[in-house]
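[1] Mind looking at a prediction? Sequence and model below.
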Amino acid sequence: FAAACLQTKQNLFKKVKRDLIPVQLAGIGYWPFVDLISFSLIPIDYIPVFINFASFIWTIFLSYKARRGLQVAVEEDEANKQRSRKIR
């Protein structure tokens, strides 16, 4: 996300609009499930380990979404460039 802040405001707003809501919804579905499992099935001594593992999985998901969002942005830029070339 920090790298996106260095981009232009227009690209930043596109990224937030495209990625924020889906990631928030995924988090709303993921973390309550993790909490349910950790507090009902995992022994108390292993809860921190389980939560750390779940955080690791969540970080992988966020990295994937960020990378995918970057690829989509590049594809959109290339499509816009091709359209502008056709118009000329």
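    Okay, I see it. Numbering: from 1, shown residues only.
[2] What's the local residue count around residue 62?
    For residue 62, the neighbour count with other Cβ atoms under 10 Å is 15. Every residue, glycine included, has its C-beta placed from N, CA and C.
[3] Could you do residue 33 as well?
    Residue 33: 11 neighbours (other Cβ under 10 Å).
[4] Would you map the helices across this protein?
    2-5, 9-40, 47-87 (DSSP state H).
[5] Just give me the lowest mean pLDDT stretch among the ones you listed.
    With a mean of 58, helix 2-5 has the lowest mean pLDDT of the helices of the chain.
[6] show me what contacts residue 67?
    Residue 67 sits next to no residue when contact means Cβ atoms under 8 Å, 6 or more residues apart in numbering.
[7] separation between it and residue 19?
    Per Cβ to Cβ, to the nearest Å, residue 67 is found 11 Å from residue 19.
[8] same thing with residue 36?
    26 Å.
[9] Same check on residue 56?
    In terms of Cβ to Cβ, residue 56 sits 20 Å off from residue 19.
[10] So if I had to pick from those two, which one is more boxed in?
    Comparing residue 56 with residue 19 by other Cβ under 10 Å, the one with more neighbours is residue 19, at 18 against 10.
[11] what's the spacing between the more buried one and residue 34?
    In terms of Cβ to Cβ, residue 19 sits 21 Å off from residue 34.
[12] just residue 45 next, same as before
    17 Å.
[13] same thing with residue 49?
    Counting by Cβ to Cβ - residue 49 and residue 34 are separated by 13 Å.
[14] Which one's more surrounded, these two?
    residue 34 (17 against 11).
[15] OK, contacts around the more buried one?
    Counting by Cβ under 8 Å, 6+ apart, residue 34 has contacts 50-51, 54.
[16] of all those residues, which comes closest to residue 27?
    residue 54 (11.4 Å; Cβ to Cβ).
[17] any idea how far the residue lying closest to the closest one once chain neighbours are set aside is from residue 68?
    Distance criterion Cβ to Cβ, 6 or more residues apart in numbering; nearest residue to residue 54, sequence neighbours excluded, is residue 34 at 4.4 Å. Residue 34 sits 22 Å away from residue 68, going by Cβ to Cβ.
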